[in-house]
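Colleague: quick check, what structure comes out for this input:
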Amino acid sequence: MLENKDQSKTSLSQLGEFGLINHITKNFSIQQQSTIKAIGDDAAVLDFKSKKTVVSTDLLVEGVHFDLSYMPLKHLGYKAVVVNVSDICAMNATPTQVTVSIAVSNRFPLEAIEELYEGIRLACDFYKVDLIGGDTTSSTTGLLISVTALGEATEEEITYRSGAQENDLLVVTGDIGSAYMGLQVLEREKQVFLVNPQNQPNLEDYSYIIERQLKPEARNDIKELLQKLDVKPTSMIDISDGISSEIMHICKASNVGCNLYEDKLPLDPQLINVCEEFNLDSTTIAINGGEDYELLFTVSMNDFEKIKGNPHLSIIGHITAEKEGIHLITRENTKLPLKARGWNALNEEE
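Modeller: Next up, the predicted model:
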């Protein structure tokens, strides 16, 4: 991103830690009845009454999970909340609160932190979650963001990875693969820019897949959608690491196998075009690319009539006996063992 050298910048040391916390949280409002006390004491106070609480945490590290040369700080703040809200949605629960902790180096002025927290605030407003605390500290290695999300659900609503049964249908929301290809376009344009900084990229033809990478959305609408359809998922997971990896997580936790059908995968037309441009196989990208933050779940075969034809849902396969293994059924009707080649947080090479 081109930097305006004339901007006046405020050093974080001018505010101190508590001054910074007061400054960046003053525009956050309380939206949940369960939030008794948010920021301003030694701990937040929540009251979920008869419901169960679900909790999930993610850590985002500059240079590993995001690149600030093309990721605007406002988008980063928004995405940091989304990836955690998505984990709550993947339990078939309702997200309610988040805590946000940051470690930041002295190259970031106050104005940069304001941008980051504006994105966090927009996500909190959109998903109706309350910011209830966190921590701020200094860093020698750039920017780190840790978000913990909380949510609520009744015991009957909560859905684990371990409930898939033989003959269940495998269902996915939205489309898959686009976020990964959005990242490939951004990386390509970054390399062009490094060679020729005068060259401004024209990204109009890639708007959808880039948005899927820079500003993904969590599927907090699916719990209500399934309730209205009178469908209770038997297992559920979100697609952060690629659908092949997520299918394997469900199958391992549930002690089942699976057949995934290539011709049923929901691919956006822009994804298909860009895969051709990059000379990449769209199926490979769709099943191995991560960061879609869609939901993958299983439902009983008896619910087929309730969900078939729904514009938000695609039936992409079915659960088999564990001994039959986990397979991709190609368009030519060839049965291939499904391998997890998605994102591995501890090994960037995979």
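Colleague: buried stuff in the helix or strand harbouring Thr283?
Modeller: Per DSSP states H and E: Thr283 is located in helix 282-288. Judged by neighbour count (16 or more other CB atoms under 10 Å), helix 282-288 contains these buried residues: 282-283, 285-288. Yep, even glycine has a C-beta here, placed from its N, CA and C like the rest.
Colleague: so Leu12 is in contact with Leu110, correct?
Modeller: Yes: between Leu12 and Leu110 a contact is recorded at 5.8 Å, counting by CB atoms under 8 Å.
Colleague: the more surrounded of these two?
Modeller: Neighbour tally, Leu12 and Leu110, criterion other CB atoms under 10 Å: the higher count belongs to Leu12, 21 against 18.
Colleague: which ones are touching the more buried one?
Modeller: 20, 104, 106, 108-110, 113 (CB atoms under 8 Å, 6 or more residues apart in numbering).
Colleague: okay, now the unreliable bits of this protein?
Modeller: 1-7, 342-350 (pLDDT under 70).
Colleague: can we see that at 80?
Modeller: 1-8, 16-18, 21, 39-41, 44, 199-202, 340-350 (pLDDT under 80).
Colleague: show me it divided up by domain.
Modeller: 14-153, 161-337 (automatic domain parsing).
Colleague: nearest to Ser8 among these would be which one?
Modeller: domain 14-153 (8.4 Å; CB to CB).
Colleague: so which other helices or strands are in contact with the following helix or strand past the helix holding Thr283?
Modeller: Sequence order places strand 295-299 as the next helix or strand after helix 282-288, per DSSP H and E. Helices and strands touching strand 295-299, by 3 or more CB pairs under 8 Å, 6 or more residues apart in numbering; DSSP states H and E, are strand 169-173, strand 235-238, helix 243-254.
Colleague: can I get those in a markdown table with mean neighbour count and distance to Lys128?
Modeller: Listed next are the helices and strands packed on strand 295-299 as a markdown table, based on neighbours: other CB atoms under 10 Å; distance: least, CB to CB, whole Å:
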| stretch | mean neighbour count | distance to Lys128 |
| --- | --- | --- |
| strand 169-173 | 24 | 19 |
| strand 235-238 | 25 | 19 |
| helix 243-254 | 22 | 26 |
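Colleague: buried stuff in the one helix or strand Leu20 maps to?
Modeller: Here Leu20 is covered by helix 16-25, with elements defined by DSSP H and E. Residues 20-21, 23-25 are the ones in helix 16-25 that count as buried (16+ other CB under 10 Å).
Colleague: one step back: between Leu12 and Leu110, which contacts overlap?
Modeller: What both Leu12 and Leu110 touch, as defined by CB under 8 Å, 6+ apart, is the set Leu20.
Colleague: quote the end-to-end distance of stretch 62-75.
Modeller: 14 Å (CA to CA, to the nearest Å).
Colleague: oh, that last question was meant for stretch 210-226, not what I typed.
Modeller: With CA to CA, one end of stretch 210-226 sits 29 Å from the other.
Colleague: so what touches it?
Modeller: With CB under 8 Å, 6+ apart, stretch 210-226 has contacts from 70-72, 75, 78-79, 82-83, 85-86, 89, 92-95, 127, 157, 173-174, 178-180, 182-183, 185-186, 203, 232-233, 238, 291-295, 310, 312.
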